[in-house]
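Visitor: Need the 3D shape of this:
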Amino acid sequence: MHTFLKPDRRRFTSDEYERLGELGLLPESGVELLNGEVLEKTGWPTPRRWTYEDMVRMVEAGVLDEDERVELVDGEIICMTPIGHRHLYTVDRLTRYLGRVADPRAVLRVQGSLRFHSGEGPHPDAVLLRPHEDDYRSRQAGPWDAMLVVEVADTSLARDLEKATLYARSAIPEYWIADLNEPRVIVHQKPVGGEYTEVRDYRHGESFRSSALEGHPVTVEDVLGPL
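Guide: Coordinates of the predicted model:
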């Protein structure tokens, strides 16, 4: 049995909280800092809901480090799990593989953000984006640009499975989870009505065809490496 870490909200120091107020990211009343969490006092204290624009301003002002491992999920700034050597190995392998088979039909983005709407800004491990005239230099890529999203799951499987709803709801055609513990690749395809209608597990020795790669056959070894 594997233990999955519960996602933790990003906590703020009193100095950071004061800076948030100076930036106009907090109302003059109705919020408080308790045990590092920014809470809204609406009967029962609830976590402050942030927007993507809020996060951008926090980075610009130095409240958040631009390399800090956080992502915006349902309006909450969530600390991402630390990256272990198995995770890094798999991301490196995916980078080489997807870069080779997708070029020049797609733009490969590794561990970068996707802006879904004001309250969602996940950081997938890899994304294949539709070609863009300046490779997204002029604007932030969104879910409508994504052909494939890949998450690598070591301690984050439960959370990555939950993300399938977000990606399907945004009509991203294909979503892979590279599960390092089974090991297996969970392939989600054909989003309809906010959920993927085809979800299958593939293990070593098996392969599948990827619509994002124009039907190119993908083996589990291509994603996870040899046993």
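Visitor: So residue 91 belongs to a helix, correct?
Guide: Yes. Looking at residue 91 with DSSP: H, G, I helix; E, B strand; the rest coil, it is inside a helix.
Visitor: For residue 115, list the residues it contacts.
Guide: The contact partners of residue 115, taken as C-beta atoms under 8 Å, 6 or more residues apart in numbering, are 52, 121, 140, 141, 142. (Each C-beta comes from the backbone N, C-alpha and C, glycine too.)
Visitor: Grab the nearest non-local neighbour of it.
Guide: residue 140 (4.7 Å; C-beta to C-beta, 6 or more residues apart in numbering).
Visitor: how about residue 44, phi and psi?
Guide: phi -110, psi 130 (degrees, to the nearest 10).
Visitor: same deal with residue 141?
Guide: Main-chain torsions, residue 141, degrees, to the nearest 10: phi -70, psi 140.
Visitor: Distance of the residue lying closest to residue 141 once chain neighbours are set aside relative to residue 222?
Guide: Leaving aside its sequence neighbours, residue 141 sits nearest to residue 129 (C-beta to C-beta, 6+ apart; 5.3 Å). Separation of residue 129 from residue 222 (C-beta to C-beta, to the nearest Å): 20 Å.
Visitor: Between those two, point out the one with more neighbours.
Guide: Using other C-beta atoms under 10 Å as the criterion, residue 129 and residue 222 rank with residue 129 on top: 21 against 18.
Visitor: can I assume that one is in contact with residue 140?
Guide: No. Using C-beta atoms under 8 Å, residue 129 is not in contact with residue 140, being 11.0 Å away.
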